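Trainee: for reference, the sequence and a predicted model appear below.
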2 protein chains.
Amino acid sequence: MTQADRHSMDEMVAFAARLAEAARGETLTRFGGAGEVVNKAKSGFDPVTEADRAAEAVMRRLIEQSYPEHGIVGEEYPDRPSNSSCCWSLDPIDGTRSFICGLPTWTTLIALLDGGSPVLGLIDAPQLQELYVGHGSSALLMKQGETTSLRASGCSRLSLARLSTTDPFLFDAAEAEAFGRVRMAARTARYGHDAFAYARLAAGTIDLVVEAALKPHDYNALIPVVRASGGMIGNWQGEDDFSTGKIIAAATPELLEETVALLRG
Amino acid sequence: MTQADRHSMDEMVAFAARLAEAARGETLTRFGGAGEVVNKAKSGFDPVTEADRAAEAVMRRLIEQSYPEHGIVGEEYPDRPSNSSCCWSLDPIDGTRSFICGLPTWTTLIALLDGGSPVLGLIDAPQLQELYVGHGSSALLMKQGETTSLRASGCSRLSLARLSTTDPFLFDAAEAEAFGRVRMAARTARYGHDAFAYARLAAGTIDLVVEAALKPHDYNALIPVVRASGGMIGNWQGEDDFSTGKIIAAATPELLEETVALLRG
């Protein structure tokens, strides 16, 4: 680590938690309950986009104030170039469809990249009041004042694995066929949770996530959290190049390997 | 209402909330987090079954003590015959796979039937601290000491509808084809939430739920909650016979009708 080293990791974790807190102020107030939100959406007002933009904007302002030399890549605004090796990756609302549907497992994703590699990841679930933080070999869940360590489950066989993917209809035909083989071999499958599924993999209650078409702001924050919990994360070949957007997260190397082989067919 | 009338509905609502509270004591303590639960499961201990059984047992004991003449039908134990027109329908954990996967939207379902028809429904989401209660035209959400009214969204067109189903692979081939037509026509689709999706339909954030293979203990509690919120619930023909297990819940009669027509093909 180069620039990020000059600031201690403790400082960066505390700052990233401040970013999550600030984003929460913009997202939670626009989430939820009210049928009115839907009606407004129909007449052209889009509360999700507004929450997305406001949350990213408030995080950007904090970064620009505190670390003006750091770069920023986000979902909603143009990239801010970096004058250091450090860059923040921001996804103000991951799980937009959950947000729209009043379902609680949408998240805010924040990653600190150093020299292009994610060294710190936060998965914040505001509606659940759960913040997952990972860097190095430290993976923690903070919930209502309590902090607990995260550890991936240790599941090493697909036949015992709890599999998750967000939406099985997001795969193209070949991907769907490959995913189908994994689904049929797994113990159980669950849908609909976006980044939150990776948080629960780190927490040891999901064993395997298989997805495609993820963007850097979707996966950057997941990598440090999953790895710090002892889990594996790679592409569909089990390798480190995430740019294909095809991601596997697995509780163990054995489970990753078995899944890669089955996806290959 | 006959027997249920002798007890006021207020009394029945308060008692059903006590049942939910008692069940929560058995389910929440066995939910989640720990990887240990999984490891134990592999060696033959099944925390879900234990939570299911313990939660149903504690609800049965309370009913037997307070209303010994009432019948009980549940998921885990034999039916208790009724010496009145009243019968309780209990599903201690709906969304077993969410429970297993440490995901928060599993629920406890409690319905009071009078002469075979559900007149009171509770959908309790312990991990979210949300209790949805419906009877007559009263539909309420109780969350952390606050009570709010529930109202279905008013969405009357499938092209605007937020659709939910728990698992698209639970349909047989003909059902999957019919569901596919609805999915393609809807504004967005979301998966994975079992009974909680019907609770959010009552709350106005989901507009349409289409499912198959539901059992009476799965749907009894949903009917009063959805109807009291102004929503519609019927079978795939839009009718009141739920025994096929094929269920549509919709925010409006127009949306129900459009969905029925599309499922018919």
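Mentor: Yes, it's here.
Trainee: contacting residues for residue A:184?
Mentor: Counting by CB atoms under 8 Å, 6 or more residues apart in numbering or on different chains, residue A:184 touches no other residue. From N, CA and C alone the C-beta is placed, and that goes for glycine too.
Trainee: quick check, it in a helix?
Mentor: Yes. The secondary structure assignment for residue A:184 places it in a helix, going by DSSP: H, G, I helix; E, B strand; the rest coil.
Trainee: check it and give its pLDDT.
Mentor: Among the per-residue scores, residue A:184 holds a pLDDT of 96.
Trainee: likewise residue A:34?
Mentor: So, for residue A:34, pLDDT stands at 41.
Trainee: residue ranges for the helices of the stretch 151-265 of chain A, please.
Mentor: Counting by DSSP state H, counting those that start in this stretch, residue ranges of the helices within the stretch 151-265 of chain A are A:173-185, A:194-202, A:216-219, A:222-228, A:253-264.
Trainee: point out the most buried one among those.
Mentor: The densest packing among those, expressed as mean neighbour count by mean count of other CB atoms under 10 Å in any protein chain shown, is seen in helix A:194-202 with a mean of 30.
Trainee: and the closest residue to chain B within the stretch 151-265 of chain A, how far is that from residue A:153?
Mentor: Nearest to chain B in the stretch 151-265 of chain A, going by CB to the nearest CB, is residue A:205, at a distance of 2.6 Å. In this structure, residue A:205 lies at 7 Å from residue A:153, with CB to CB, to the nearest Å as the measure.
Trainee: so which of the two has more stuff around it?
Mentor: Each of residue A:205 and residue A:153 has its neighbours counted (other CB atoms under 10 Å in any protein chain shown); residue A:153 has more, 31 against 26.
Trainee: residues near the residue of the stretch 1-150 of chain A found nearest chain B, how many?
Mentor: Closest residue of the stretch 1-150 of chain A to chain B, CB to the nearest CB: residue A:102 (2.5 Å). By the criterion of other CB under 10 Å, residue A:102 has 26 neighbours.
Trainee: just the pLDDT for the nearest residue to it once chain neighbours are set aside.
Mentor: Across the structure, with CB to CB, 6 or more residues apart in numbering or on different chains as the measure, the residue nearest residue A:102 apart from its sequence neighbours is residue B:205 (2.5 Å). Among the per-residue scores, residue B:205 holds a pLDDT of 96.
Trainee: cool, the one 4 residues further on as well?
Mentor: At residue B:209, the model reports a pLDDT of 98.
Trainee: list the beta-bridge partners for the nearest residue to it once chain neighbours are set aside.
Mentor: For residue B:209, ignoring the flanking residues on the chain, the nearest one in space by CB to CB, 6+ apart is residue B:249 at 4.4 Å. Beta-bridge partners of residue B:249, counted by DSSP bridges, are residue B:209, residue B:233.
Trainee: one step back: go ahead and confirm the residue nearest to residue A:102 touches residue B:164.
Mentor: No. Between residue B:205 and residue B:164 there is no contact under CB atoms under 8 Å: 10.0 Å.
Trainee: which neighbours do the two have in common?
Mentor: Taking CB under 8 Å, 6+ apart as the contact definition, residue B:205 and residue B:164 share the neighbouring residues residue A:101.
Trainee: residue A:121: neighbouring residues, count only.
Mentor: Using other CB under 10 Å, residue A:121 has 30 neighbouring residues.
Trainee: tell me the secondary structure for it?
Mentor: strand.
Trainee: wait, it sits on residue A:136?
Mentor: No. The pair residue A:121 and residue A:136 does not pass the contact test of CB under 8 Å, sitting 11.0 Å apart.
Trainee: common neighbours of those two, please.
Mentor: By the contact definition CB under 8 Å, 6+ apart, residue A:121 and residue A:136 are jointly contacted by residue A:224.
Trainee: rewinding a little: and the pLDDT for the residue nearest to residue B:209?
Mentor: Note on residue B:249: pLDDT of 98.
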